[in-house]
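Student: Here is a sequence together with a model predicted from it:
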Amino acid sequence: MKVGDLVRFCPDSSIAPLEDRPLGVVLQVGVNHGNGWDTQQQMVKALFLGFENIPYSCKAKDFEVVNEDW
């Protein structure tokens, strides 16, 4: 995953159908250094248009890249 990728929010706990989940653009990709023995988690900040243009940050595993081959 890289800046500029088109992504869909799809956490494991989501019950909404995939086609109903919003699309967003990746703004930032980084690492969150956990406390103590926690492993490093790659974090992603994405902007989902139509949601008051407020960036949303979550673990990379909660996003699906839609445009992988560009």
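Tutor: That came in fine, so what should we check first?

Student: Could you give the average pLDDT over the strand or helix carrying residue 24?
Tutor: According to DSSP states H and E, residue 24 maps onto strand 23-32. Averaged over strand 23-32, pLDDT sits at 86.

Student: buried ones in it?
Tutor: 24, 26 (16 or more other CB atoms under 10 Å). (C-beta placed from N, C-alpha, C; glycine too.)

Student: and what of stretch 61-70?
Tutor: 62-63, 65.

Student: Show residues contacting the strand holding residue 24.
Tutor: Residues from elsewhere that reach strand 23-32, judged by CB atoms under 8 Å, 6 or more residues apart in numbering: 1-9, 40-49, 55-56, 60, 63, 66.

Student: let's go with 10 Å and repeat that
Tutor: With CB atoms under 10 Å, 6 or more residues apart in numbering as the test, strand 23-32 has contacts from 1-9, 38-51, 55-57, 59-60, 63-67.

Student: wait, what's in contact with the residue sitting nearest the centre point of the chain?
Tutor: Note on the chain: the residue nearest the mean C-alpha position is residue 63, at 3.9 Å, using CA atoms, centre = their mean. By CB under 10 Å, 6+ apart, the contact list for residue 63 reads 1, 5, 7-11, 24, 26, 44, 46, 56.
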